[in-house]
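Q: Any chance you can model this:
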Amino acid sequence: MFKIAIIEKIHEDGLKILDLNSNYEYKIKTDVLKENLIKKLPDFDACTLRVCKLNENILKHCPK
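A: The predicted model follows:
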């Protein structure tokens, strides 16, 4: 199962697409402070972005 971090809220229709596939599990992350993303994102295989930006300092902590 792939774990996806939904960074900031997305439209309900987008979540429904993920719900239709049993290979995906997701969590919505609304706290986009750099320290929080560094702590939480390493647990995920992928993420979605709307407005938030991920820089090298955050991504270097995400091995997946």
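Q: When you work out contacts or count neighbours from here on, use the C-alpha atoms and nothing else.
A: Noted.
Q: So for the residue in the chain sticking out farthest from the centre, what's the pLDDT?
A: The centre of the chain is farthest from one residue, L20, which by Cα atoms, centre = their mean lies 17.7 Å away. Each residue has a pLDDT score; the one for L20 is 95.
Q: now swap in the one 5 residues further on and tell me
A: Taken from the predicted model, the pLDDT recorded for E25 is 96.
Q: Can you tell me, leaving aside adjacent residues, what's nearest to it?
A: Spatial nearest neighbour of E25, excluding adjacent residues (Cα to Cα, 6 or more residues apart in numbering): K3 at 4.9 Å.
Q: Give me the average confidence score over the strand or helix carrying the one you found.
A: Assignment of secondary structure by DSSP states H and E places K3 within strand 2-7. When pLDDT is averaged along strand 2-7, the result is 96.
Q: Can you name the residues that contact the residue nearest to E25?
A: By Cα atoms under 8 Å, 6 or more residues apart in numbering, the residues touching K3 are 24-27, 43-46.
Q: Having no further points to raise, I will conclude here.
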